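**Student:** Give the three-dimensional model of this entry:
(one chain, ligands or ions: 1)
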Amino acid sequence: MKVKHIASAILLAAITAACGGTQNNASQGLALKDVVADQFLMGTAINVRQAAGLDTSATNIVKKHFNAIVAENCMKMEEVQPEEGRFTFNDADNFVKFGEENGLTMTGHVLIWHSQCPDWFCVDKNGKNVSPEVLKQRMKTHITTVVQHFKGKLKGWDVVNEAILEDGSYRKSKFYEILGEEFIPLAFQYAHEADSTIELYYNDYGMDNPGRREGVVKLIRSLKEKGLRIDAVGMQGHMGMDYPKIEEFEKSMLAFAQEGVKVMITEWDMSALPTVSRTANISDTVAFQKALNPYPNELPDSVSQAWNARMKQFFNLFEKHADIVDRVTAWGVSDGDSWKNGFPIRGRKDYPLLFDRNYQPKPWVKEVIEEAEANSQK
Ligand code: G3I
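**Tutor:** Prediction:
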């Protein structure tokens with residue numbers, strides 16, 4: 001057993017004893033965060049209602065099973081600076097208050113992203129792209145104001161999100177159109193200038209893709225060559241039953257770590273529904289709807305078993321590489337919270353998270369806790 005695991009086992013034994021527990025009832029006291037106590041942070045995204053204390057079923061799970069949180073939406077550009085010069089931090093301050101009250105490690109998400117970016121940010125009053133100088137100033141003002149508002153409260157920031165495409169080229173966002181590749185190092189520079197103590201991350205999805213993997217490796221190297229701080233790469237980890245291939249995901253984890261940064265799984269979820277290509281016959285909406293929402297009542301046992309096995313396989317991968325993994329964050333608390341219920345069509349029912357709609361841990365979560373308990377009894 002790895003040293004880290006021995007330490008975890010000792011810690012678990014202590015927790016078990018503290019809970020006055022024996023093998024069979026200790027699991028009431030044990031939590032997911034305890035299983036990986038000294039391997040990596042176990043986190044979850046929380047939404048505005050949960051941060052405001054309006055969803056105690058979910059926040060009870062957060063307090064018991066997680067030691068890290070990220071704001072699903074309330075720190076995004078359109079939420080914190082909806083109009084130029086008007087900053088609104090109410091929801092984000094609730095998030096931080098919840099995190100501080102519960103001793104949770106917090107991550108800021110996200111300083112620069114082409115999506116959920118307010119319409120005014122990259123254009124002038126006539127809707128034309130602003131000059132490079134104007135955009136640089138707007139980025140610097142946004143990043144400086146936001147980072148300094150939360151100074152001393154967060155462990156790190158997703159500085160830039162989803163800027164690299166599957167072939168390793170840059171997404172042709174307005175940031176890229178106006179500033180070229182430079183918008184990324186500028187964002188990291190401004191964030192570091194605003195708070196030199198905070199960790200800085202690049203975050204993206206589909207990171208198992210070899211083209212994107214190479215593009216992100218090049219990006220890490222270019223930031224480091226410029227003497228800029230980058231502490232970790234966020235592999236979002238939005239998965240399905242047939243993607244990513246676990247060996248490709250592992251290759252990317254190792255490739256990023258090779259560049260001297262930590263790896264974070266930042267938005268982990270796994271759709272339990274068949275991946276439906278958008279080329280499906282969408283003119284026949286009934287067939288399309290059925291294809292997109294095949295399990296409107298509950299997940300068939302066979303699918304549930306396959307889903308749990310595949311989630312546990314990835315969890316074991318993260319534990320295998322605990323030396324390079326700093327955090328694993330689920331993108332939501334319970335299945336009902338997930339964005340996947342609204343994508344690619346609203347109103348469908350997915351089962352992608354670690355806790356079900358009754359706020360119960362999924363079978364694989366129970367299994368890893370029970371296995372850790374058993375180890376701690378040895
Ligand atoms: O806040 C408004 C509310 O006022 C309005 O009544 C409601 C209905 O229109 O919409 C609310 O905004 C929604 C927002 O979530 C907050 O709930 C937006 O419509 C909706 O598009 C937005 O979706 C978020 C999505 O990012 C936007 O791209 C999801 O919750 C969020 O989980 C998702 O998260 C992203 C990560 O930030 C980056 N990686 C991909 C991931 C999934 O897309």
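**Student:** quick one, phi psi at the residue lying closest to Asp242 once chain neighbours are set aside?
**Tutor:** Counting by Cβ to Cβ, 6 or more residues apart in numbering, Asp242 lies nearest to Thr275, which is 5.7 Å off, once chain neighbours are set aside. All C-beta spots, glycine's among them, are computed from the backbone N, C-alpha and C. Note on Thr275: backbone dihedrals following degrees, to the nearest 10 are phi -70, psi 120.
**Student:** roughly how far apart are Thr275 and Asp335?
**Tutor:** For Thr275, the distance to Asp335 equals 18 Å [Cβ to Cβ, to the nearest Å].
**Student:** Then Glu250?
**Tutor:** If you measure Glu250 against Asp335 using Cβ to Cβ, the figure is 26 Å.
**Student:** These two: which has the busier surroundings?
**Tutor:** Asp335 (23 against 17; other Cβ atoms under 10 Å).
**Student:** was I right about the more buried one contacting Pro352?
**Tutor:** Yes: here Asp335 lies in contact with Pro352, judged by Cβ atoms under 8 Å, at a distance of 6.6 Å.
**Student:** Can I get the helix or strand where Asp34 lies in PDB, CA atoms only?
**Tutor:** Element membership for Asp34, per DSSP states H and E: helix 32-35. Coordinates of the C-alpha atoms in helix 32-35 are reproduced here as PDB (Å, rounded to 0.1, in the frame of the first residue of the first chain):
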ATOM      1  CA  LEU A  32     -15.600  10.600   1.000                       C
ATOM      2  CA  LYS A  33     -13.100  13.400   1.900                       C
ATOM      3  CA  ASP A  34     -11.700  11.100   4.600                       C
ATOM      4  CA  VAL A  35     -11.000   8.300   2.100                       C
END
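**Student:** Over it, what's the mean pLDDT, rounded is fine.
**Tutor:** Across helix 32-35, the average pLDDT comes to 97.
**Student:** For that helix, name the packing helices and strands.
**Tutor:** Taking 3 or more Cβ pairs under 8 Å, 6 or more residues apart in numbering; DSSP states H and E as contact, the helices and strands that helix 32-35 lies on are helix 3-18, strand 41-46, helix 363-377.
**Student:** Which parts of it count as buried, going by neighbours?
**Tutor:** For helix 32-35, a neighbour-count test (16 or more other Cβ atoms under 10 Å) marks Leu32, Lys33, Asp34, Val35 as buried.
**Student:** For the stretch 251-378 of the chain, what lies in contact range of the ligand?
**Tutor:** Residues of the stretch 251-378 of the chain lying close to the ligand by Cβ under 6 Å from any ligand atom are Glu267, Trp339.
**Student:** Find the closest residue to the ligand in the stretch 251-378 of the chain.
**Tutor:** Nearest residue of the stretch 251-378 of the chain to the ligand (Cβ to the nearest ligand atom) works out as Trp339 at 3.5 Å.
**Student:** I figured that residue hits Trp331, correct?
**Tutor:** Yes: applying Cβ under 8 Å as the test, Trp339 and Trp331 come out as touching, 7.0 Å apart.
**Student:** Need the residues touching each of these two.
**Tutor:** Here Trp339 and Trp331 have Glu72 as joint contacts, going by Cβ atoms under 8 Å, 6 or more residues apart in numbering.
**Student:** Give me the more crowded residue out of those two.
**Tutor:** Taking neighbours as other Cβ under 10 Å, Trp339 and Trp331 compare with Trp331 leading, 23 against 17.
**Student:** Read off the pLDDT value for that one.
**Tutor:** pLDDT recorded at Trp331 is 98.
**Student:** Contact partners for the nearest residue to it once chain neighbours are set aside?
**Tutor:** Ranked by Cβ to Cβ, 6+ apart and with sequence neighbours excluded, the top spatial neighbour of Trp331 is Glu267, at 4.0 Å. Glu267 makes contacts with Ala45, Asn203, Tyr205, Gly234, Gln236, Gly237, His238, Thr329, Trp331, as judged by Cβ under 8 Å, 6+ apart.
**Student:** I'd assumed Glu267 was in a strand, is it?
**Tutor:** Yes: checked against DSSP: H, G, I helix; E, B strand; the rest coil, Glu267 lies within a strand.
**Student:** Please name the bridge partners of Tyr201.
**Tutor:** On the basis of DSSP bridges, Tyr201 is bridged to Asp158, Ala232.
**Student:** For Lys226, grab the count of nearby residues.
**Tutor:** 12.
**Student:** Would you mind measuring from it to the ligand?
**Tutor:** Between Lys226 and the ligand the distance is 25 Å, computed by Cβ to the nearest ligand atom, to the nearest Å.
**Student:** So what does that residue have for phi and psi?
**Tutor:** According to degrees, to the nearest 10, Lys226 has phi -80, psi 0.
**Student:** tell me the contacts of it?
**Tutor:** Residues counted as contacts of Lys226 (Cβ under 8 Å, 6+ apart) are Pro185.
**Student:** Give the residue farthest from the middle of the protein.
**Tutor:** The centre of the chain is farthest from one residue, Asn126, which by Cα atoms, centre = their mean lies 35.7 Å away.
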